[in-house]
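[1] quick one, what's the 3D model for this:
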Amino acid sequence: MPKLDLRKTLKHLYRPSAKDFSIVDVPPLSYLMMDGHGDPNTAPAYAQAVQALYSVAYTLKFQLKQADPALDFGVMPLEGLWWAADMANFTQLSKADWDWTMLILQPDFVTAGHVAAAQAAALRKKGAPGVERVRLETYHEGPAAQIRYFGAYADEGPTIARLHAFIAAQGRRLSGKHHEVYLGDPRRTAPAKLQTVIRQPFAR
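    Numbers count the residues shown, from 1 in each chain. Next up is the predicted model:
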């Protein structure tokens, strides 16, 4: 039985157009999550969160596959929810003022018990700091606009501004947290070739 590939199942959320903005209604989805604050380029808490999330995600994947090959699935890319007290000027604020939740999408058959077992195993084998703070939570984003962006993370500002203008032109207002899905690995990919889904929920 082929392993579950949520990138294909949810292609409209993970491979949107890079040319045009699109509107989606994101259903309730289950994620591994970890919260933090500060500049992702310099805050030790950010690097710790990413390491802890991947430690749990890969341990969980292998434990479930070993228990039942029918539960095999591909580990999804890292995502981030970003916000600040002043969302109207979010992109102009110092990154040190940002709050964030980093997350990795999970299949709907993953339970809190599965995650607890993976956390315990990851702590035994890797001792990754912060693993105990990873949680499984359902997040319902709802209506949102998005686009697939190519380029360095530091240069996203103009694309985010155009996305916000697109939402306003539809007669809607920004609502919720700025959302990014990191489709590329910055350790192995040139900044100009990085792909990121940039998503912003809205309210009518």
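[2] ok, the residue sitting nearest the centre point of the chain - contacts?
    Geometric centre of the chain, nearest residue: Glu79, 1.4 Å, by Cα atoms, centre = their mean. Glu79 makes contacts with 31, 102-105, 179-182, as judged by Cβ atoms under 8 Å, 6 or more residues apart in numbering. Yep, even glycine has a C-beta here, placed from its N, CA and C like the rest.
[3] ok, those vs Ala52, which is closest?
    Ala52 lies nearest to Met102 out of the contacts of Glu79, by Cβ to Cβ, at 9.0 Å.
[4] low-confidence ranges, the protein, go.
    Residue ranges of the chain with pLDDT under 70: 1, 87-93.
[5] now do the strands in it.
    Listed in chain order, the strands of the chain (DSSP state E) span 22-37, 78-83, 99-106, 135-150, 173-174, 178-182, 195-203.
[6] out of those, which gets nearest to His12?
    Taking Cβ to Cβ, strand 22-37 is the member of these nearest to His12, at 6.0 Å.
[7] what number of residues lie near Val181?
    When neighbours are counted by other Cβ atoms under 10 Å, Val181 registers 22.
[8] tell me the bridge partners for it.
    Under DSSP bridges, the beta-bridge partners of Val181 are Glu79, Val197.
[9] dump the residue contacts of it.
    Going by Cβ under 8 Å, 6+ apart, Val181 touches 13-14, 77-79, 196-197, 199.
[10] which of those count as buried?
    For the contacts of Val181, a burial check counting by 16 or more other Cβ atoms under 10 Å picks out 13-14, 77-79, 196-197, 199.
[11] report the buried residues of the lengthiest helix in the chain.
    If you go by DSSP state H, the chain has its longest helix at helix 44-67. For helix 44-67, the neighbour count (16+ other Cβ under 10 Å) marks 45-46, 48-57, 59-61, 64 as buried.
[12] how about JSON lines for the strands of the chain, with distance to Thr189 added?
    Compiled in JSON lines, these are given as follows (distance: least, Cβ to Cβ, whole Å):
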{"stretch": "strand 22-37", "distance to Thr189": "23"}
{"stretch": "strand 78-83", "distance to Thr189": "13"}
{"stretch": "strand 99-106", "distance to Thr189": "19"}
{"stretch": "strand 135-150", "distance to Thr189": "11"}
{"stretch": "strand 173-174", "distance to Thr189": "29"}
{"stretch": "strand 178-182", "distance to Thr189": "10"}
{"stretch": "strand 195-203", "distance to Thr189": "8"}
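[13] tell me which of those strands sits nearest to Ile160.
    It's strand 195-203; of those, that one is closest to Ile160 (Cβ to Cβ) at 6.3 Å.
[14] just the angle between that closest one and strand 135-150, please?
    110 degrees (axes from the mean of the first three to the mean of the last three Cα atoms, to 10 degrees).
[15] okay, now Phe109: neighbour count?
    13.
[16] next one: it from Glu180, what distance?
    Look at Phe109 and Glu180: by Cβ to Cβ, to the nearest Å, they are 26 Å apart.
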